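> Here is the input, now give the coordinates:
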Amino acid sequence: MASISLRTPTAAHTHRRTLERLLERQQASLEAGREGLRRSGRSEISEVRDSEEHTVDEVRAGVNVAMLELDSRAAWSIEAALWRLSAGTFGRCSDCRTMIPARRLAALSFAERCRTCQDASDLSAGPGH
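Okay, the predicted model is just below:
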């Protein structure tokens, strides 16, 4: 399988711009999610709610917090990829040190591990991680 070539300044610059655009979108999504949580908390104070409405609101808030956590993790992963790009280690698996296939990086541009090592890491982390 082919690996991504970042040996030319143009290729590295192009991938950096891709990662920077992804990071901008993640940060905008994080801010929108935070603002949504702030607004929902304020509206609850002024409204009278029965227990069913309150439960629905709690579930919705829990989902929103989980989405914020996922957005935050994705933003962190993108920032880490930008750091690896600057350090010259981007595109190389952090575990086995082999080159990450271009198809994987095309699908997940901030991948830190090859598919084999990522699967092993996911298995060792256990359910829910």
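> show me where this protein has helices.
When secondary structure is read from DSSP state H, the chain shows helices at 9-46, 51-87, 102-107, 115-125.
> Ok, which of the ones you listed comes nearest D95?
Using CB to CB as the criterion, the shortest distance between D95 and the helices of the chain is 4.0 Å, found for helix 115-125. Where C-beta positions appear, they are placed from N, C-alpha and C, glycine not excepted.
> could I get the helices of the chain as TSV with mean neighbour count, mean pLDDT and distance to D95?
What follows is the helices of the chain, written out as TSV (neighbours: other CB atoms under 10 Å; pLDDT from 0 to 100; distance: least, CB to CB, whole Å):
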stretch	mean neighbour count	mean pLDDT	distance to D95
helix 9-46	13	82	21
helix 51-87	14	87	13
helix 102-107	14	90	14
helix 115-125	13	93	4
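> can you put these in JSON lines and add distance to C93?
Written out in JSON lines, the entries for these read as follows (distance: least, CB to CB, whole Å):
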{"stretch": "helix 9-46", "distance to C93": "16"}
{"stretch": "helix 51-87", "distance to C93": "11"}
{"stretch": "helix 102-107", "distance to C93": "10"}
{"stretch": "helix 115-125", "distance to C93": "5"}
